[in-house]
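> below: sequence and its predicted model.
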Amino acid sequence: MEAVLWYVLTGTRGGPNRVRILRAIDERPRNANQLAERLDLDYTTVRHHLGVLRDHDVVERTGDGYGTVYYPTEGTRNHWEVVEEIADASPV
């Protein structure tokens, strides 16, 4: 999981926004629209990043459609210190 976190949070240009998304859903689960508003990002951008995070089992979701909420997986929570290490080293 550590290698996955390093890859999805630092291996691409979208890494800083993914860190922001992870921190926001760690505060409380949110849907894509709530994340877009909270982080002042475009809704489609948030959806893209959530898709990448889901594809790598960093976040999971519950619910359907517009009401779908996202939250960190157990594996991500178990390696949260890596997320924080990346966040501290990144300009987020």
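Thanks, I have it. Bear in mind the structure is a predicted one, so any value in this text is a computation, not a measurement.
> average model confidence for the helix or strand hosting residue 87?
Assigned by DSSP states H and E, residue 87 belongs to helix 80-89. Mean per-residue pLDDT for helix 80-89: 92.
> what are the buried residues along stretch 68-82?
Using 16 or more other C-beta atoms under 10 Å as the test for burial, stretch 68-82 gives 69, 70, 71, 72, 73, 76, 79, 82. For the C-beta atoms, the positions are set from N, CA and C on the backbone; glycine is no exception.
> any idea how far it is from the chain center?
8 Å (C-alpha atoms, centre = their mean, to the nearest Å).
> one step back: among the buried residues of stretch 68-82, name the ones in strands.
Members of the buried residues of stretch 68-82 lying in strands (criterion: DSSP state E): 69, 70, 71, 72.
> run through who's touching the helix holding residue 87.
1-2, 5-6, 9-10, 15, 19, 22-23, 26, 72, 76 (C-beta atoms under 8 Å, 6 or more residues apart in numbering).
> JSON lines for those residues, including secondary structure, distance to residue 32 and pLDDT?
Compiled in JSON lines, the contacts of helix 80-89 are given as follows (DSSP: H, G, I helix; E, B strand; the rest coil; distance: C-beta to C-beta, whole Å; pLDDT from 0 to 100):
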{"residue": "1", "secondary structure": "coil", "distance to residue 32": "23", "pLDDT": "94"}
{"residue": "2", "secondary structure": "helix", "distance to residue 32": "26", "pLDDT": "93"}
{"residue": "5", "secondary structure": "helix", "distance to residue 32": "21", "pLDDT": "96"}
{"residue": "6", "secondary structure": "helix", "distance to residue 32": "24", "pLDDT": "94"}
{"residue": "9", "secondary structure": "helix", "distance to residue 32": "19", "pLDDT": "95"}
{"residue": "10", "secondary structure": "helix", "distance to residue 32": "23", "pLDDT": "93"}
{"residue": "15", "secondary structure": "helix", "distance to residue 32": "19", "pLDDT": "93"}
{"residue": "19", "secondary structure": "helix", "distance to residue 32": "17", "pLDDT": "96"}
{"residue": "22", "secondary structure": "helix", "distance to residue 32": "14", "pLDDT": "97"}
{"residue": "23", "secondary structure": "helix", "distance to residue 32": "16", "pLDDT": "96"}
{"residue": "26", "secondary structure": "helix", "distance to residue 32": "16", "pLDDT": "96"}
{"residue": "72", "secondary structure": "strand", "distance to residue 32": "15", "pLDDT": "98"}
{"residue": "76", "secondary structure": "helix", "distance to residue 32": "18", "pLDDT": "97"}
